[in-house]
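J.: Need a 3D model of the following:
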Amino acid sequence: GINAEYGSREDYRKQKELDEARKSGLEPAEQDEFGVDINPHIPQYIKDAPWYLQMHGPTLTHQRVQPETVKSFDGVAKIYQKGLTNKVATKFRKGACTNCGAITHKKIDCLEKPRKVGAKWSGKDFAPDEIIPETQKLDFEGKRDRWIGYDTTAHDELLDDFSKVEKVKQQLKAESLNQNERIRQETESRSDSDPEEDEYKYTEQANMPGTKFDNKKRQTVRNLRIREDTAKYLLNLDINSAHYDPKSRSMRDNPLKDLAHKKPSELSFSGENFVRSTGQVKEIAKLQLFAWDAGERGSNVHLQAEPTKAALLHKEYVKRKDEFRGEVSNSIVDKYGGEEHLKAPPKELLLSTSEEYVEYSRTGKIVKGQERVVPKSKYQEDVYVNGHTSVYGSYFSAGKWGYKCCLALQKQAYCTGAASRSGADAPKGAPNPEPTTSVDRTKSLMELHQERMVEVKKEKKKKTQEDRENPLAREERLKKVLAQLDAKAEAEKAEGLDERKRKYNSMVEDKGPTEEEMEAWKLRKHMANDPMANFSHDKT
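T.: Purely as a prediction, here's the structure:
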């Protein structure tokens, strides 16, 4: 029947016509209680609200999320109170901790040191109650947020401490700059001295490598030697050799003077005086002089405290010094000329000589001296197998490769020596020599095996033909073999032998079975699946 909402059939027809007009755009769309247009193409079963909601008029509220079903979660900025309250009990309360007297936990959960007499019995020194945090309503991200409930005011204390440290650093830096400026002004006011004398003065004050001398404490700290190294005093045990000072652990003279054929730089130890003037010692001395000069001019450079900074500054100083020298030399060349003399090649290229003696022919080939380098390969070379003295591929004949030593064309064949080379030197087109009974060359194992197989096939074919012509002979041979098997079985039974206890390799000298023996074994074989196997049969 017609829905009671429309009343009569005429109302229902009018409503349908109105819906069609709204879908085609001839009439305006319906509006809900909020004044929002309702799509006319929405089906009726979605548009109609359930009866128990008691909706009046067109609406889609029942299809939207209801506010009472939405879960609310705590925000990130919410701070959870933690710690202790200011509430301290004056007497013991029922259900409180018997150890400290706090009402918020039991004795088993108390974190305070166990008292000799608990607060329940002593009635004094009650601990304050803890703040019980409220239940946290957190979503998926809130449960995994490490900063949830963090009080940002605690970070302000850290910022205050950091700002105080920065202010102190700025004050110290300003005082250091003022002191450096004062030292620089005092240095400029002094009379200029000879730089060479200053260099000698600084060199005398330089410490030995591996030592650190403190003028205030008047003590020297030395680095211990590596225990794998041989001690200096054990290099030469002669009494008259170089003197070793045990207090300073120094040996200034060379203890290995007897090795005159070797240079001092090739020896493991050539004395402290030699080490002091070789290797990177000079570079370290230059760095120390640069640090001292820079310190007197107001720069805060210390080789031991900031070695990287000192090295970089010295590198930049050397670079600028070289650029300045280059500018001076260029200005001199521009003023006086002579640039062509500076572009001459070095003496090593002008007089290039070597100790290698090489003789060449008129065509440019090497006659004597340097040998031509043979290029190396990643593959194995000169590997001889099966007795050959040459590799496979060293001989080619009739479109096939072979071995040059025996002229064999089959790969992996055994070498037959010079016997197979008898007919190799014959000229092409010469008649083949007549076959002789004597063997011209030693046959290979493959050839011997092939000949053996041919003979076996001939014998088998001959035997089969004889059996066809005389079938009684085959039966006689079979009976003879069966009789031999019976005799062998009786002998083993009499001696107490068992085939299952036969020793390993006990039949190593036996030959392969013949056809008659195989047929006799099949006749005597016990077939477990044969239904007639339990019946007695004639042993013929």
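J.: show me where this protein has strands.
T.: In the chain, the strands defined using DSSP state E lie at 211-214, 219-222, 359-360, 366-368, 395-397, 400-402.
J.: Give me the helices and strands touching the fourth one, please.
T.: Which is strand 366-368. strand 359-360 (3 or more C-beta pairs under 8 Å, 6 or more residues apart in numbering; DSSP states H and E). Placement of C-beta: from N, CA and C, glycine included.
J.: can you list the residues that contact the strand it packs on?
T.: The contact list for strand 359-360 (C-beta atoms under 8 Å, 6 or more residues apart in numbering) reads 366-369.
J.: Partner strands of that strand, with direction?
T.: When pairing is defined by DSSP bridges, strand 359-360 lines up against strand 366-368 (antiparallel).
J.: Could you list the alpha-carbon positions for stretch 309-318 in CSV?
T.: Taking C-alpha atoms only, stretch 309-318 is exported to CSV below (Å, rounded to 0.1, in the frame of the first residue of the first chain):
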residue,chain,number,x,y,z
LYS,A,309,94.7,25.3,15.2
ALA,A,310,98.5,26.0,15.3
ALA,A,311,99.1,23.7,12.2
LEU,A,312,96.3,25.4,10.2
LEU,A,313,97.5,28.9,11.1
HIS,A,314,101.1,27.9,10.2
LYS,A,315,99.9,26.5,6.9
GLU,A,316,98.0,29.7,6.1
TYR,A,317,101.1,31.7,7.1
VAL,A,318,103.4,29.7,4.8
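J.: can you tell me which helix in the chain is longest?
T.: Criterion DSSP state H: the longest helix present in the chain is helix 153-189.
J.: which of the contacts of strand 359-360 lies closest to residue 261?
T.: residue 369 (28.8 Å; C-beta to C-beta).
J.: That closest one: what's its closest spatial neighbour, skipping adjacent residues?
T.: Closest residue to residue 369 apart from its sequence neighbours, by C-beta to C-beta, 6 or more residues apart in numbering: residue 358 at 3.3 Å.
J.: Relative to residue 364, how far out is that neighbour?
T.: Counting by C-beta to C-beta, to the nearest Å, the gap between residue 358 and residue 364 amounts to 11 Å.
J.: Residue 302 too?
T.: Separation of residue 302 from residue 364 (C-beta to C-beta): 65 Å.
J.: Neighbour count: those two, which is higher?
T.: Neighbours were counted for residue 302 and for residue 364 using other C-beta atoms under 10 Å; residue 302 has more, 13 against 6.
J.: can you pull the pLDDT of that one?
T.: Predicted confidence (pLDDT) for residue 302: 87.
J.: just residue 184 next, same as before
T.: pLDDT, residue 184: 85.
J.: mind checking how far the closest residue to it other than its chain neighbours is from residue 186?
T.: Nearest-residue entry for residue 184: residue 298, 3.4 Å, with adjacent residues in sequence omitted and distances by C-beta to C-beta, 6+ apart. Look at residue 298 and residue 186: by C-beta to C-beta, they are 10 Å apart.
J.: ok so, going back, adding neighbour count, write the contacts of strand 359-360 out as a markdown table.
T.: Converted to a markdown table, those look like this (neighbours: other C-beta atoms under 10 Å):
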| residue | neighbour count |
| --- | --- |
| 366 | 12 |
| 367 | 9 |
| 368 | 10 |
| 369 | 10 |
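J.: Out of these, which is nearest to residue 326?
T.: Of all those, the one with the least separation from residue 326 (C-beta to C-beta) is residue 369, at 44.2 Å.
J.: Just list the residues touching the closest one, thanks.
T.: So residue 369 contacts 356-359 (C-beta under 8 Å, 6+ apart).
J.: and of the residues you listed, the nearest to residue 42?
T.: Distances from residue 42 to the contacts of residue 369, taken by C-beta to C-beta, are shortest for residue 356, at 100.0 Å.
J.: okay, now that closest one: neighbour count?
T.: Around residue 356 there are 7 residues (other C-beta under 10 Å).
J.: Could you give the separation of stretch 93-104 from the chain centroid?
T.: 60 Å (C-alpha atoms, centre = their mean, to the nearest Å).
J.: before we move on, what about stretch 168-181?
T.: 49 Å.
J.: One more: stretch 483-491?
T.: Offset of stretch 483-491 from its chain centre (C-alpha atoms, centre = their mean): 72 Å.
J.: Could you export it as PDB, CA atoms only?
T.: Only the C-alpha atoms of stretch 483-491 are listed here, as PDB (Å, rounded to 0.1, in the frame of the first residue of the first chain):
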ATOM      1  CA  ALA A 483      74.900 -78.000  -9.100                       C
ATOM      2  CA  GLN A 484      77.900 -75.800  -8.300                       C
ATOM      3  CA  LEU A 485      75.700 -73.400  -6.400                       C
ATOM      4  CA  ASP A 486      74.100 -76.300  -4.400                       C
ATOM      5  CA  ALA A 487      77.600 -77.700  -3.600                       C
ATOM      6  CA  LYS A 488      78.800 -74.300  -2.500                       C
ATOM      7  CA  ALA A 489      75.800 -73.700  -0.200                       C
ATOM      8  CA  GLU A 490      76.200 -77.100   1.400                       C
ATOM      9  CA  ALA A 491      79.900 -76.500   2.000                       C
END
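J.: Let me see the contact set for residue 57.
T.: Contacts of residue 57 by C-beta under 8 Å, 6+ apart are 32-33.
J.: Distance of it relative to residue 44?
T.: Residue 57 is 15 Å from residue 44, where distance means C-beta to C-beta.
J.: Check residue 171 too.
T.: Going from residue 171 to residue 44 by C-beta to C-beta gives 82 Å.
J.: repeat for residue 119
T.: For residue 119, the distance to residue 44 equals 73 Å [C-beta to C-beta].
J.: do residue 406 as well
T.: As judged by C-beta to C-beta, residue 406 and residue 44 stand 103 Å apart.
J.: Neighbour count: these two, which is higher?
T.: Counted by other C-beta under 10 Å, residue 406 and residue 44 do not tie: residue 406 has more neighbours, with 26 against 8.
J.: What values do phi and psi take at the more buried one?
T.: Dihedral pair for residue 406: phi -120, psi 0, per degrees, to the nearest 10.
J.: Please enumerate the helices of the chain.
T.: Along the chain, counting by DSSP H, helices occupy 9-24, 44-47, 119-122, 140-143, 153-189, 195-205, 272-276, 281-296, 307-336, 339-342, 347-350, 445-469, 471-495, 515-524.
J.: Tell me which of these lies nearest to residue 397.
T.: Using C-beta to C-beta, the helices of the chain put helix 445-469 closest to residue 397, at 18.5 Å.
J.: Would you mark the buried spots in the closest one?
T.: By neighbour count on 16 or more other C-beta atoms under 10 Å, the buried set for helix 445-469 is empty.
J.: ok, now which ones touch the residue nearest to residue 184?
T.: Residue 298 is in contact with 180-181, 183-184, 187, counting by C-beta under 8 Å, 6+ apart.
J.: for these, which one is nearest residue 114?
T.: Each of the contacts of residue 298 was checked against residue 114 using C-beta to C-beta; the closest is residue 180, at 62.8 Å.
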